[in-house]
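Asks: sequence and predicted model, in that order:
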Amino acid sequence: MTHSFAVHVPDAELEPEPLAPEQIVSGTPEVTGKVLWESADGRQIRGIWQITPGVVTDTESDELFVVVSGSATVEVEGGPTLEVGPGDMAVLRAGDRTTWTVHETLRKAYAITL
């Protein structure tokens, strides 16, 4: 997109973004998402992401996100444990190794810098 825009995040249609099998610790979590904007150089991304209940691992990029619905516990290896739910904003640092325990399907709006 090259123009300013607004999106109603709770109702936005998302597309499947399959997890790598090695990321799944337990359960059968499913991820969907949608990139709404990406900078010309591909280093900045804005979008919506959703995950169903389960436990997954990830290595993070620099990210700021706001939870729209659902809840999760995000354990940062060697760092804090974040309890996030609707209305919470969180910041993850590039290289953070995380374990997400998703209690209720979580939907977030995010801004990532690569």
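Replies: On my side now, so go ahead.
Asks: chain neighbours aside, what residue packs nearest to the residue sitting nearest the centre point of the chain?
Replies: Centroid-nearest residue in the chain, with C-alpha atoms, centre = their mean: Trp49, separated by 4.9 Å. Residue nearest to Trp49 in three dimensions, not counting chain neighbours: Gly33, with 4.3 Å by C-beta to C-beta, 6 or more residues apart in numbering. Any C-beta I mention is one placed from the backbone N, CA and C, and that applies to glycine too.
Asks: helix or strand: which one has the residue nearest to the centre of the chain?
Replies: With secondary structure defined by DSSP states H and E, Trp49 is part of strand 44-51.
Asks: just Val74 next, same as before
Replies: Under the assignment given by DSSP H and E, the secondary-structure element containing Val74 is strand 62-76.
Asks: check which helices and strands that strand is in contact with.
Replies: Here strand 62-76 is seen to pack against strand 44-51, strand 81-84, strand 89-92, strand 97-113 when contacts are counted using 3 or more C-beta pairs under 8 Å, 6 or more residues apart in numbering; DSSP states H and E.
Asks: change it to 7 Å
Replies: When contacts are defined as 3 or more C-beta pairs under 7 Å, 6 or more residues apart in numbering; DSSP states H and E, strand 62-76 sits against strand 81-84, strand 89-92, strand 97-113.
Asks: tell me which of these sits nearest to Pro53.
Replies: Ranking these by their distance to Pro53 (criterion: C-beta to C-beta) puts strand 97-113 first, at 4.9 Å.
Asks: and the angle for the closest one with strand 62-76?
Replies: Following axes from the mean of the first three to the mean of the last three C-alpha atoms, to 10 degrees, one obtains 170 degrees for the angle between strand 97-113 and strand 62-76.
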